[in-house]
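Enquirer: Sequence and computational prediction follow.
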Amino acid sequence: SGGDATGNGNVPGTLGTDYIYPNDAQLAYYQSKGIKLIRLPVKWKRLQDNLGDPLNETRMQQIDAVINLARPRGIKIILDLHDYNEYSINGTKYLVGSPEVPKSYLTDLWGKIADRYKNETAIYGYDIMNEPKGSATVWADTAQLTINAIRAAGDTQHWILVEGIYYSRAWGWIKDGNAAALVGTTDPADKLIFSAHSYWDEGGSGQYVDDYAEDNRYPEVGVNHVKPFVEWCNANGFNGLIGEYGIPWNDGYTTEWNTVLTNFLNYLRANNISGTYWAGGRWTGGYNITCEPSSNYTVDRPVMAILQDFANNPSSEIIVDNSDTAKVTITGSWLTSSATTGYQGTNYLHDNNSGQGTKSVTFAPNVPITGNYDVLLRWTSAPNRAPIVPVQINHANGSASTTVNQQSGGGVWQPIGTHAFTAGTSGNIVISNTGATGHVIADAVKLVPAAPLPAGWDSEDVGTVAFGRSAIPSGARTDLSILRDL
């Protein structure tokens, strides 16, 4: 979990002294936030005592224990080999592909891991190497051989994640040579995800030594940082993940960084690419970008509200329910009810057929990216409902008015038009009872991008978060519910 699993540098070390793995209380906390995917870093020398050895059964059972805790909670795990494409022999680190550590040893390791877990439903996938060092072309060949070894072991069910050299940085994906070297990578099981990292301090190291103002940061810095990688994925029809990103909680600029993060996650969601937040873990309490709670899981970090919102709203559809107090403004006296079925969420609002012309409910969705959106309403229908309910749509080009008949058509999403919306919360949909004769219902509003999603994706292929830090494609659930342990 975050730095927990990588530990204090003593490898293989002793569990509980040099490294730890997530416990059930941690998993329960993140599950409660809607986070259902954990990126769990592991170290090579904990899995194999020596190159080519059988897997170390004692230490593999430590990983099995995490899997056994995760499975009943519906949490899935990405095993992340956190070794930077190196292996230490007698205290000296050698690159994979060197004479001392031939590529065949990495393929041997992953073949054995895949054979062990090929039928494990709680495993989501394999991040075959965190931030690999070396040349892009040598790494690309190593990655392809590793993919082949995993599939040859009989594992065709789990996703394979491939990172790039130079810290797998998203902004440098093209200039660092990753785009050219990895574009030809293939997977016979067609379950391949490319993974980049994105930090927004000056230099992109993720250390955040200077604060927001000193580094001259700005609201769209995260979006601009990740664009080269996202655009490359889109242009080539690849699945993408931002395997690490994070913001500081202790530099005095929480509000500004939260805006950067929200813009970044909106951009990912709009492009059907997910991410895992770095970092969580019981040993990361003093880490300036941790998302791990304090006070025995009772006090959230400031970032968690944003991660939770995106984890629970993964798709490119934007739904605002009447219970979302941050995005709904109620004018006049409205009552809540669940008497008639077919509502979104836990209840709906009604005007009690009174105060006509004095009551309204304004839904203000947070639009991730400027564009055209289909607007849909949901209500519960009954004979006592108003047959003519006025609705005003305030969009980027002005406003539009329409009416809906709430005596019928309840319990499903009803389209009321397609309009342009600017990114953010400047647009809104207003339901009022002006001139209504009967009960007016205000339940929920949904926006759906009018343009089609990229080939191979559906509306649920959008997001994730990481323990330490989305989303991945269909079955990979890019819905910001990836959690990653450092």
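Expert: Everything's here; your move. Every value quoted in this text rests on a predicted model; they were computed, and no experiment measured them. Numbers count the residues shown, from 1 in each chain.

Enquirer: Helices of the protein, residue ranges please.
Expert: 3-6, 24-32, 44-47, 57-70, 103-117, 136-152, 178-182, 221-236, 254-270, 304-311 (DSSP state H).

Enquirer: Can you list the buried residues in stretch 21-33?
Expert: Of the residues in stretch 21-33, Y21, P22, Q26, L27, Y29, Y30, Q31, K33 count as buried by neighbour count, 16 or more other Cβ atoms under 10 Å. The way it works is simple: take the backbone N, C-alpha and C, and place the C-beta from them, glycine included.

Enquirer: how about the helices of the chain, which one is nearest Y167?
Expert: helix 178-182 (10.6 Å; Cβ to Cβ).

Enquirer: Show the average pLDDT along that closest one.
Expert: Averaged over helix 178-182, pLDDT sits at 98.

Enquirer: helices and strands around it, which ones?
Expert: Under the contact criterion of 3 or more Cβ pairs under 8 Å, 6 or more residues apart in numbering; DSSP states H and E, helix 178-182 touches helix 136-152.

Enquirer: if we go to 10 Å?
Expert: Helices and strands touching helix 178-182, by 3 or more Cβ pairs under 10 Å, 6 or more residues apart in numbering; DSSP states H and E, are helix 136-152, strand 192-198, helix 221-236.

Enquirer: Of the buried residues of stretch 21-33, which pair is most distant in space?
Expert: Farthest-apart pair in the buried residues of stretch 21-33 is Y21 and K33; separation 19.2 Å (Cβ to Cβ).

Enquirer: K118 is nearest to which of the helices and strands packed on helix 178-182?
Expert: helix 136-152 (8.7 Å).

Enquirer: Specify the angle between the closest one and strand 192-198 in degrees.
Expert: Counting by axes from the mean of the first three to the mean of the last three Cα atoms, to 10 degrees, helix 136-152 lies at 140 degrees to strand 192-198.

Enquirer: Distance from the chain centre to helix 136-152, please.
Expert: Its chain's C-alpha centre and that of helix 136-152 lie 26 Å apart, by Cα atoms, centre = their mean, to the nearest Å.

Enquirer: residue furthest from the geometric center of this structure?
Expert: Centroid-distance maximum for the chain: T437 at 44.8 Å, with Cα atoms, centre = their mean.

Enquirer: ok, N216 - contacts?
Expert: Each residue near N216 by Cβ atoms under 10 Å, 6 or more residues apart in numbering is listed here: E202, D210.

Enquirer: gap between it and I128?
Expert: 36 Å (Cβ to Cβ, to the nearest Å).

Enquirer: now K43
Expert: From K43 to I128 the distance is 14 Å (Cβ to Cβ).

Enquirer: Give me the more crowded residue out of those two.
Expert: I128 (26 against 19; other Cβ atoms under 10 Å).

Enquirer: There's contact between the more buried one and L79 in this structure, I believe.
Expert: Yes - applying Cβ atoms under 10 Å, one finds I128 in contact with L79, separated by 9.1 Å.

Enquirer: Mind listing the shared neighbours of these two?
Expert: W110, I113, L161.

Enquirer: who's in contact with the second one?
Expert: This means I113. 42, 47-48, 55, 60, 63, 79, 81, 123, 126, 128, 149-150, 153, 155.

Enquirer: Tell me how many other residues crowd Y166.
Expert: Neighbours of Y166 under the rule other Cβ under 10 Å: 16.

Enquirer: nope, L377 is what I meant
Expert: A count of neighbours around L377, defined by other Cβ under 10 Å, yields 24.

Enquirer: any idea how far V209 is from the residue nearest to H225 when sequence neighbours are not counted?
Expert: Using Cβ to Cβ, 6 or more residues apart in numbering and skipping residues adjacent in sequence, the residue nearest H225 is W171, 4.6 Å away. Remark: distance between W171 and V209 (Cβ to Cβ) = 18 Å.

Enquirer: So for the two, which sits in the more crowded spot?
Expert: W171 (20 against 13).

Enquirer: ok, now which ones touch the more buried one?
Expert: Residues near W171 by Cβ under 10 Å, 6+ apart: 196-200, 204, 221, 224-229.

Enquirer: Just grab the bridge partners of N428 for me.
Expert: On the basis of DSSP bridges, N428 is bridged to N394.

Enquirer: Just the pLDDT for it.
Expert: 97.

Enquirer: What's the local residue count around it?
Expert: N428 - counted by other Cβ under 10 Å - has 20 other residues nearby.

Enquirer: shouldn't it be in contact with H419?
Expert: No - judged on Cβ under 10 Å, N428 makes no contact with H419 at a distance of 11.3 Å.

Enquirer: what do those two both touch?
Expert: I393, N394, H395, S399.

Enquirer: Filter those residues down to just the buried residues.
Expert: I393, N394, H395.

Enquirer: pretty sure the second one contacts I429?
Expert: What that stands for is N394. Yes - with contacts counted by Cβ under 10 Å, N394 reaches I429, the gap being 7.4 Å.

Enquirer: so what sits against both of these two?
Expert: T362, A364, H419.

Enquirer: Tell me the spacing between the first one and E244.
Expert: In this structure, T362 and E244 are 38 Å apart, going by Cβ to Cβ.

Enquirer: likewise the second one?
Expert: In this view, A364 and E244 are 32 Å apart by Cβ to Cβ.

Enquirer: for stretch 146-164, which positions count as buried?
Expert: Under 16+ other Cβ under 10 Å, the buried positions of stretch 146-164 are 146-151, 153, 155, 157-164.

Enquirer: quick check, nearest of these to P293?
Expert: Using Cβ to Cβ, L161 comes nearest to P293 of these, at 26.7 Å.

Enquirer: Provide the partner residues of the nearest residue to the closest one once chain neighbours are set aside in its beta bridges.
Expert: Of all residues not flanking L161 in the chain, D127 sits nearest, at 4.1 Å (Cβ to Cβ, 6+ apart). D127 has these beta-bridge partners by DSSP bridges: D80, L161.
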